[in-house]
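1. sequence plus predicted model, see below.
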Amino acid sequence: DKEGVKGKTDGALVLYDDQGNMIWEKLTGGSKADSFNGAAQTGDGGFIAVGNTQSVDGDLEGQGKGAQDGLAALFDGDGNLKKAVALGGSNKDGFNDVFVAQDGGFVAVGYTHSTDGDLAGKTQHGARDAWIVKLDSNLNIEWSDTFGGSGSTLILDEFTKGLTCHDGGFLAVGYSQSSDGDMEGAAKGGKDAVLVKYDSEGSREFQKVYGGTGDEAFTHVEAAHLNRSGSADREEADPDQLDGGFVLTGYTSSGDGDMDGLVSGENTAENAFVMEIDKKGNVEWIDVMESSQDSGAYGVQPISDGFLVTGDFSANDGDFTGTDLFGKQDNYIAHYSQDGKCRAVYSFGGNDTDGIKGILSGFSDDYLVWGSTKSTDSIFEGKTKGGYDGFLVRINAHQAEAYDEEKYLVPVTAWKADEDTPSMMAPMLYKNA
């Protein structure tokens, strides 16, 4: 048995050194099912992690409010638990992501089925609403908001990711299956990708809906570039060179609406997509990575000359033609230019099913990617324990960012110096441009 296990499942926070060696692992929870889905480093060098909890004992003694609550936990720099709280109502609630606010507090995003407890007085739009909560530095609720529409138990709305904007406000992204309520007149298909911009006090500034008649969802969001001319130096983007725009990843099964012309008519698979919008939510460009089987994009990292996009794929055809496929489903890193052109796709994985969930800049000239795997060979040989295992992989920046620059053969006509006729060497003269 694993030392320190508290219940059916526990939330795990793990710190590694720059060589991938575990420094410490801390488990949080009670006797039932608990988990972490997102984490961030706090201003004092500690950490905050959020997720779900079903426990009312252990670290959540006296905290439980319903069948499942949103879990938020604060740790110091050594991983010692400072405080854990359960947030929600009498039904099922949870958090998917957390980020640090400019005032030192935190914002968690996820979903709620509740109308009481911490959701008392909030509008219940449907069976499950998207939920955003602003917490102070001690995990007390300052404000919250729900977003969605009405419908049956199959109509679900959810925030999957978010970030703090340069103006001190917040952006929450995810999906909605509703066609009324907050989605009245805006819904496009079965499931739409949604984005809501909040000011620092929790008031909505605007909301946007993207997609077609199929299904779409946002899976990640990052700030986009200010300097759109790019750079010859392939380094992590300078935060001061990121403006009020955003780059987002997700998946789509549409070939119309915002995805019109980006997917072939006969394609019925879910396809990965990348989108850049301006600070008002207007689309600047969209690219779909199409193949005959499902793919998705789940993370994006701005770099000086574009973006690195991560996800998974199951067929090396279409936009994945020529990309190595090692098993049933593999991971990819795609290098995009600032104007949305896919320059190269690099893949890795093993003999079974692998799924990547994110990317961030590493310690020096590298990137860290993470996800889950069922594979037992290649880079995972001798490391997996059985079933699905989590993985953390460090990838060299040159490998992740490499692409072949396009070269064009431009005919150059040569003329004799003293005659108005082409030289015999003219057909042999070409120049790489």
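-> Great, that's in hand.
2. any stretches of this structure with poor pLDDT?
-> For the chain, applying pLDDT under 70 flags the ranges 1-2, 151-153, 226-244, 405-433.
3. contact partners for the residue nearest the centre of the chain?
-> Here the mean C-alpha position of the chain is nearest to the C-alpha of His220 (C-alpha atoms, centre = their mean), at a distance of 2.5 Å. The contact partners of His220, by C-beta atoms under 8 Å, 6 or more residues apart in numbering, come to 160-161, 173, 248-250, 297-300, 358. Bear in mind the C-beta positions are built from the backbone N, C-alpha and C, glycine included.
4. one more time with 6 Å, if that's ok
-> Residues in contact with His220, defined by C-beta atoms under 6 Å, 6 or more residues apart in numbering, are 161, 249, 299-300.
5. what's across from it in the sheet?
-> Listed by DSSP bridges, the beta-bridge partners for His220 are Thr249.
6. for Tyr336, see how far away it is.
-> In this structure, His220 lies at 14 Å from Tyr336, with C-beta to C-beta, to the nearest Å as the measure.
7. next one: Lys32
-> Between Lys32 and Tyr336 the computed distance is 42 Å (C-beta to C-beta).
8. if you count surrounding residues, which of these two has more?
-> More crowded of Lys32 and Tyr336, by other C-beta atoms under 10 Å: Tyr336, with 24 against 19.
9. wait, that one sits on Gly306?
-> Yes. Here Tyr336 reaches Gly306: they are 4.8 Å apart, a contact under C-beta atoms under 6 Å.
10. excluding sequence neighbours, find me the nearest residue to Ala315.
-> Once flanking residues are discounted, Ala315 sits nearest to Gln293: 4.0 Å by C-beta to C-beta, 6 or more residues apart in numbering.
11. now do the same contact list for that neighbour.
-> When contacts are counted by C-beta under 6 Å, 6+ apart, Gln293 touches 269, 314-315.
12. for Leu154, state which of those residues is nearest.
-> Using C-beta to C-beta, Ala269 is the member of the contacts of Gln293 that sits closest to Leu154, with 22.0 Å.
13. give me the neighbour count for the spatially closest residue to the closest one that is not a sequence neighbour.
-> Counting by C-beta to C-beta, 6+ apart, Asp294 is the residue found nearest to Ala269 once chain neighbours are left out, at 5.1 Å. Around Asp294 sit 17 other residues, with neighbours defined as other C-beta under 10 Å.
14. for Asp294, give its distance to Asp377.
-> Taken as C-beta to C-beta, the span from Asp294 to Asp377 is 23 Å.
15. where along the protein do the helices fall?
-> Read by DSSP state H, the chain holds these helices, from start to end of the chain: 397-401.
16. ok, of the contacts of His220, which one's closest to Ile155?
-> Distance to Ile155 across the contacts of His220 (C-beta to C-beta) is lowest for Lys161, with 21.0 Å.
17. check whether the closest one really touches Asp97, as I assumed.
-> Yes. With contact taken as C-beta under 6 Å, Lys161 and Asp97 are classed as touching, separated by 4.8 Å.
18. residues contacting stretch 321-338, please?
-> In this structure, residues lying in contact with stretch 321-338 by C-beta under 6 Å, 6+ apart are 225, 228, 230, 306-314, 316, 342-354, 356, 375, 400-401, 403.
19. at 7 Å what do you get?
-> Stretch 321-338 is touched from outside by 225, 228, 230, 274, 289, 305-314, 316, 342-356, 371, 375, 378, 400-401, 403, with contacts defined as C-beta atoms under 7 Å, 6 or more residues apart in numbering.
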